[in-house]
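Trainee: Sequence below, structure please.
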Amino acid sequence: MQSLQQKASEWSGVEQKDAFAIDETNLFEKLGLQTFISLSTNFYTRVYEDEEEWFRSIFANSTKEEAIRNQYEFFVQRMGGPPLFSQRKGHPALIGRHRPFPVTHRAAERWLNHMQQALDSIMDIDPDSKIKMMNFFRHTAFFLVAGDELKNQNQLTRPTSS
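Mentor: Sure, this is the predicted structure:
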């Protein structure tokens, strides 16, 4: 059976070594806090204004401000900065935190489209960092899809009580 990481690589087209190339450079030191805030703000503005109701509804249980803060704090922490997310919310546990949401291939592609547009709009991020970040985002998005599919398989195989 394939691991979640293997499925993520297959479905995203991004090998693990490329997905985790973000660890080769401290992107937080290179880009600074404001760049991550700007990226997350730009991204969630796109998400909350998405014309597709099915996609917007995935984010309906949190405010735009909460979503922005959660995302930039996670990105800062994951890309070499202080553990802002963990200090406030505990371990990131991405699959567990995304468990309530329908993290499908379609949703991942739409999320990634918004993230690519947001990255492209932030001039403070150099092209090499954008590539590294997008590889990480793409692989991670499909890691979450694999986790969602595993969750759904487990729900189908659980015995029901009579």
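Trainee: What mean pLDDT does stretch 19-38 get?
Mentor: In this model, stretch 19-38 has a mean pLDDT of 96.
Trainee: Can you give me the buried ones in that stretch?
Mentor: By 16 or more other Cβ atoms under 10 Å, the buried positions in stretch 19-38 come out as 19-22, 27-28, 31, 35-38. The way it works is simple: take the backbone N, C-alpha and C, and place the C-beta from them, glycine included.
Trainee: surely Trp111 meets Ala141?
Mentor: Yes: with contact defined as Cβ atoms under 8 Å, Trp111 and Ala141 form a contacting pair (5.9 Å).
Trainee: coming back round to it: and which of the buried residues of stretch 19-38 is nearest to Asp126?
Mentor: Asp126 has its nearest neighbour among these in Leu31, at 8.5 Å by Cβ to Cβ.
Trainee: Look up how far Phe136 lies from that closest one.
Mentor: 14 Å (Cβ to Cβ, to the nearest Å).
Trainee: Just the C-alphas of stretch 123-142, formatted as PDB.
Mentor: In PDB, the C-alpha atoms belonging to stretch 123-142 read as follows (Å, rounded to 0.1, in the frame of the first residue of the first chain):
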ATOM      1  CA  MET A 123       6.600  41.000  -5.800                       C
ATOM      2  CA  ASP A 124       8.700  40.500  -2.600                       C
ATOM      3  CA  ILE A 125       9.000  36.800  -3.200                       C
ATOM      4  CA  ASP A 126      11.800  35.900  -5.700                       C
ATOM      5  CA  PRO A 127      11.200  33.300  -8.400                       C
ATOM      6  CA  ASP A 128      13.200  30.500  -6.800                       C
ATOM      7  CA  SER A 129      11.400  30.900  -3.500                       C
ATOM      8  CA  LYS A 130       8.000  30.900  -5.400                       C
ATOM      9  CA  ILE A 131       8.900  27.600  -7.100                       C
ATOM     10  CA  LYS A 132      10.000  26.000  -3.800                       C
ATOM     11  CA  MET A 133       6.900  27.300  -2.000                       C
ATOM     12  CA  MET A 134       4.500  26.200  -4.800                       C
ATOM     13  CA  ASN A 135       6.100  22.700  -4.800                       C
ATOM     14  CA  PHE A 136       5.600  22.500  -1.100                       C
ATOM     15  CA  PHE A 137       2.000  23.700  -1.400                       C
ATOM     16  CA  ARG A 138       1.200  21.400  -4.300                       C
ATOM     17  CA  HIS A 139       2.600  18.300  -2.500                       C
ATOM     18  CA  THR A 140       0.900  19.200   0.800                       C
ATOM     19  CA  ALA A 141      -2.400  19.800  -0.800                       C
ATOM     20  CA  PHE A 142      -2.400  16.300  -2.300                       C
END
